[in-house]
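**Q** Need the 3D shape of this:
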Amino acid sequence: MKKLVLIVFSFIFISIFSIITYSYPETIKFKSGKTLDAKIIEKTDKYIKVNISGIPITYYLEDIEAIDGNLIFEQKQTPSTSTTKTPKDIFKDISPAIVYILNKTLTGDKYLGSGFIIDKEGVIITNFHVTQGAKDVYVKLKDGKTYPVSGVIYYDANRDLCIFKINAKDLPTVRLGDSNNISIGEKVYCIGNPLGLEYSFSDGLISGIRNLNNIKYLQFTAPISPGNSGGPLINPQGEVVGIVTFLIEKGQNLNFALAINEIKPYLNNPIKPFTEFVEKVSQADYYLTEGNKYFFGGDYNQAIEYYQKVLQLNPNLAEAYYNLGLAYGSLGQYQKAIEYFQKSIQLDPNLAEAYYFLGNAYVRLGQYQQAIEYYQKSLQLNPNDASAYNNLGLAYINLGQYQQAIEYFQKSLQLDPNNALIYNILGGTYGSLGEYQKEIEYCQKAIQLNPNYALAYTTLGVAYGNLGQYQKAIEYLQKSLQLNPNDALAYYGLGLAYGSLGQYQKSKENLLKAKELFQKQGDYQKSQLVDEELKKLP
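**A** Model (predicted):
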């Protein structure tokens, strides 16, 4: 009887499972235009199997355009290679996949930009600002053929990214690289349409890797101009590693590309009609992008003006309040920065960065207890933020709570063991507790990591002076001044060391130099300390 019960139960379970499994088929759209509603029973990176009347049927992904509206993204190219190509070959291989973009806006303006094809069925990547405010967008290929944009796969004003589609087939494509493998000093190339000059080719170097608002950008020196926006940044292997995004006009060759890995999670998003994009992309996105552009260019007042326009259109956008906080903080208006950071976390209580920058603003105002509170909230949301531990330690130092400061500096070093600055600060904190040997130990670690770290030599010199080892103190303080001839504290330490050795003329010379530098810095409190030491000299 038990066996029969089990068989019946198994049959019921299988029947229920069958109903659950097959009652919700997917819609498969083929590149031929045919559609099929069927349940997928197996899926690989090459094919899918579907159940049709109990019979498994195989379809290859290369013949499928979308499943339930999700685009099937497929790059039929050779795998990534470490082979370096000549600039001539890079241009020859990639330029056919570069496109010229014309945006005709709702206001009648026209904007030009660049883009590149990542799928032979017409999937193209460019910048959001190239398409913003659009009524119609047209894409011209290298062979002269022109297509209207028919659909949008993804857009993000904050990343300045847009992935869209044209109705075309068998197009040339680029190969996407891995932006996590990029190194400073690596050669890179750009192909685009600067100022409408089609298929201009330039080269340069990766000059920095930046994290701006938790988005990875590649800073590079290849010359670009308006019209390059949306074009590819290419490595020596002929792979696209970034999307040319913006330049800082006040700088020289301060150009930035969105790292290509930032876009990869969105390549298989469902395609939406371009008409829907035109109707739904709000003016707020445009203002946010413009605000970010001015912010990264250092024009904070102009950025604030655009962020305020965003909030007029969308008063519940946490990101706009957060960006306003950053802009006001960059202008030194910390009370206003606090106001906007507070509003951002009211809308998004999980915005760890807002808590962190709230802490920074309170530090600037000398309100260290409030700063500590917000740094700790930031760490609850992001416990691996070494900078938050650093700043917590500094806040505790300002409160005279050196043991707590040491605890947080140690946590910071667990996350970032190569941070010479924190070793030096940790050493100085031990010095404040009179533990000079530990101060020396940590400052020497800082110098091992950065042999040109002038302040670490100063801290070492002060520690040896406190131990009464004046010759060693002089040695390290002089090394500090070789690296930084305007270090007032090093001159002050030298003055004290020479005075302790009875070399009063040298003591006076160094103390007077320290006083001069302290006064130039506007630090009159330390200048008065120097006066007191000068009075002690015979």
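**Q** As CSV, could you dump the C-alpha coordinates of stretch 195-207?
**A** Extracted in CSV, the C-alpha atoms of stretch 195-207 (Å, rounded to 0.1, in the frame of the first residue of the first chain):
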residue,chain,number,x,y,z
LEU,A,195,33.7,68.0,-35.7
GLY,A,196,32.2,66.0,-38.5
LEU,A,197,35.5,64.8,-39.9
GLU,A,198,34.6,61.2,-40.5
TYR,A,199,36.9,58.3,-39.5
SER,A,200,39.6,60.4,-37.9
PHE,A,201,42.2,58.2,-36.2
SER,A,202,44.3,59.2,-33.2
ASP,A,203,46.5,57.5,-30.6
GLY,A,204,47.7,58.1,-27.1
LEU,A,205,48.2,56.4,-23.7
ILE,A,206,46.1,55.4,-20.7
SER,A,207,47.0,58.1,-18.3
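**Q** where does the chain dip in pLDDT?
**A** Residues of the chain meeting the criterion pLDDT under 70: 1-25, 44-46, 51-57, 68-82, 106-107, 247-253, 279-285.
**Q** According to the record, where do the domains of it fall?
**A** Domain assignment for the chain by automatic domain parsing gives 2-68, 87-266, 282-349, 486-538.
**Q** any chance of those in TSV, plus mean neighbour count and distance to residue 472?
**A** The C-beta positions use only the backbone N, C-alpha and C, and glycine is treated the same way. Formatted as TSV, those follow (neighbours: other CB atoms under 10 Å; distance: least, CB to CB, whole Å):
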stretch	mean neighbour count	distance to residue 472
domain 2-68	12	64
domain 87-266	19	36
domain 282-349	19	40
domain 486-538	17	9
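**Q** To residue 361, which of these lies closest?
**A** domain 282-349 (4.4 Å; CB to CB).
**Q** Can you tell me what sits against the helix or strand that contains residue 329?
**A** Per DSSP states H and E, residue 329 falls inside helix 318-330. With CB atoms under 8 Å, 6 or more residues apart in numbering as the test, helix 318-330 has contacts from 158, 213, 284, 288, 291-292, 295, 300, 303-304, 307-308, 310-311, 314, 334, 336-341, 343-345, 347-348, 351, 353-354, 357-358, 360-361, 364.
**Q** Find the centremost residue of the protein, please.
**A** residue 211 (2.4 Å; CA atoms, centre = their mean).
**Q** how about the nearest residue to that one, chain neighbours excluded?
**A** Spatial nearest neighbour of residue 211, excluding adjacent residues (CB to CB, 6 or more residues apart in numbering): residue 217 at 7.7 Å.
**Q** Residue 187 - nearest residue in space that isn't next to it in sequence?
**A** Distance criterion CB to CB, 6+ apart; nearest residue to residue 187, sequence neighbours excluded, is residue 236 at 5.1 Å.
**Q** Wait, a strand at that neighbour?
**A** No. Assessed by DSSP: H, G, I helix; E, B strand; the rest coil, residue 236 does not belong to a strand; its assignment is coil.
**Q** thought it was touching residue 84?
**A** Yes. Look at residue 236 against residue 84 with CB atoms under 8 Å: they come within range, at 4.5 Å.
**Q** count of residues packed around residue 403?
**A** 9 (other CB atoms under 10 Å).
**Q** where does it land in three-state SS?
**A** The local conformation at residue 403, judged by three-state DSSP, is helix.
**Q** residues touching it, list them.
**A** Taking CB under 8 Å, 6+ apart, we find residue 403 in contact with residue 433.
**Q** switch to 10 Å and redo it
**A** The contact partners of residue 403, by CB atoms under 10 Å, 6 or more residues apart in numbering, come to 396, 429, 433.
**Q** What of residue 435?
**A** Shown in contact with residue 435 (CB under 10 Å, 6+ apart): 402, 406, 427, 429, 441-442, 463.
**Q** ok but residue 137 is inside a strand, no?
**A** Yes. Assessed with three-state DSSP, residue 137 lies in a strand.
**Q** didn't residue 347 look like it was pressed against residue 341?
**A** No. Using CB atoms under 10 Å, residue 347 is not in contact with residue 341; the gap is 11.2 Å.
**Q** what sits in contact with each of the two?
**A** By CB under 10 Å, 6+ apart, residue 347 and residue 341 have these common neighbours: 321-322, 354.
**Q** Kindly format the C-alpha coordinates of the strand or helix carrying residue 88 as PDB.
**A** If you go by DSSP H and E, residue 88 is part of helix 87-94. The C-alpha coordinates for helix 87-94 follow below in PDB (Å, rounded to 0.1, in the frame of the first residue of the first chain):
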ATOM      1  CA  PRO A  87      47.900  51.000 -36.000                       C
ATOM      2  CA  LYS A  88      47.300  50.500 -39.700                       C
ATOM      3  CA  ASP A  89      45.800  47.000 -39.200                       C
ATOM      4  CA  ILE A  90      43.700  48.300 -36.200                       C
ATOM      5  CA  PHE A  91      42.200  51.000 -38.400                       C
ATOM      6  CA  LYS A  92      41.600  48.600 -41.300                       C
ATOM      7  CA  ASP A  93      39.900  46.000 -39.000                       C
ATOM      8  CA  ILE A  94      37.800  48.300 -36.900                       C
END
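**Q** Other residues contacting that helix?
**A** By CB under 10 Å, 6+ apart, the surrounding residues in contact with helix 87-94 are 84-86, 98, 116, 172-175, 187, 189, 191, 199, 201-203, 232, 234-240.
**Q** Any of the contacts of residue 403 buried? List them.
**A** Neighbour-count burial (16 or more other CB atoms under 10 Å) is assigned, among those, to 396, 429.
**Q** Would you reformat the contacts of residue 403 as TSV and include secondary structure and distance to residue 530?
**A** Output for these, formatted as TSV (DSSP: H, G, I helix; E, B strand; the rest coil; distance: CB to CB, whole Å):
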residue	secondary structure	distance to residue 530
396	helix	28
429	helix	24
433	coil	25
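**Q** want to throw the contacts of residue 403 into TSV with distance to residue 379?
**A** TSV is the format used below for the contacts of residue 403 (distance: CB to CB, whole Å):
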residue	distance to residue 379
396	14
429	19
433	24
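**Q** any idea which of the contacts of residue 403 is closest to residue 524?
**A** Closest to residue 524, out of all of these and judged by CB to CB, is residue 429, at 25.6 Å.
**Q** one step back: just the closest of the shared contacts of residue 347 and residue 341 to residue 528, please.
**A** For these, the nearest to residue 528 is residue 354 (39.8 Å; CB to CB).
**Q** What about residue 475, how many residues nearby?
**A** Residue 475: 15 neighbours (other CB under 10 Å).
**Q** mind checking how far the closest residue to residue 515 other than its chain neighbours is from residue 523?
**A** Among residues not flanking residue 515 along the chain, residue 530 sits closest, at 4.3 Å (CB to CB, 6+ apart). Distance of residue 530 to residue 523, computed by CB to CB, to the nearest Å: 10 Å.
**Q** Find residues that contact each of these two.
**A** Jointly contacting residue 530 and residue 523 under the rule CB under 10 Å, 6+ apart are 488, 517.
**Q** Quick one: distance of the helix or strand containing the residue nearest to residue 515 to the chain centre.
**A** Assignment of secondary structure by DSSP H and E places residue 530 within helix 524-536. For helix 524-536, the separation from the chain centroid amounts to 45 Å (computed by CA atoms, centre = their mean, to the nearest Å).
**Q** oh, and call the first residue 30 from now on, that's how I've got it
**A** I'll keep to 30 as the first residue from here, and by that count the last item is helix 553-565.
**Q** what packs against it?
**A** helix 517-529, helix 533-549 (3 or more CB pairs under 10 Å, 6 or more residues apart in numbering; DSSP states H and E).
**Q** For that helix, list the C-alpha coordinates in CSV.
**A** Below are the C-alpha coordinates for helix 553-565, written out as CSV (Å, rounded to 0.1, in the frame of the first residue of the first chain):
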residue,chain,number,x,y,z
TYR,A,553,49.8,81.8,13.3
GLN,A,554,49.3,79.4,16.3
LYS,A,555,52.3,77.4,15.2
SER,A,556,54.2,80.7,14.4
GLN,A,557,53.7,81.7,18.1
LEU,A,558,55.1,78.3,19.2
VAL,A,559,58.2,79.1,17.1
ASP,A,560,58.5,82.5,18.9
GLU,A,561,58.5,80.8,22.2
GLU,A,562,61.3,78.5,21.2
LEU,A,563,63.3,81.4,19.8
LYS,A,564,63.1,83.1,23.2
LYS,A,565,64.7,80.1,24.9
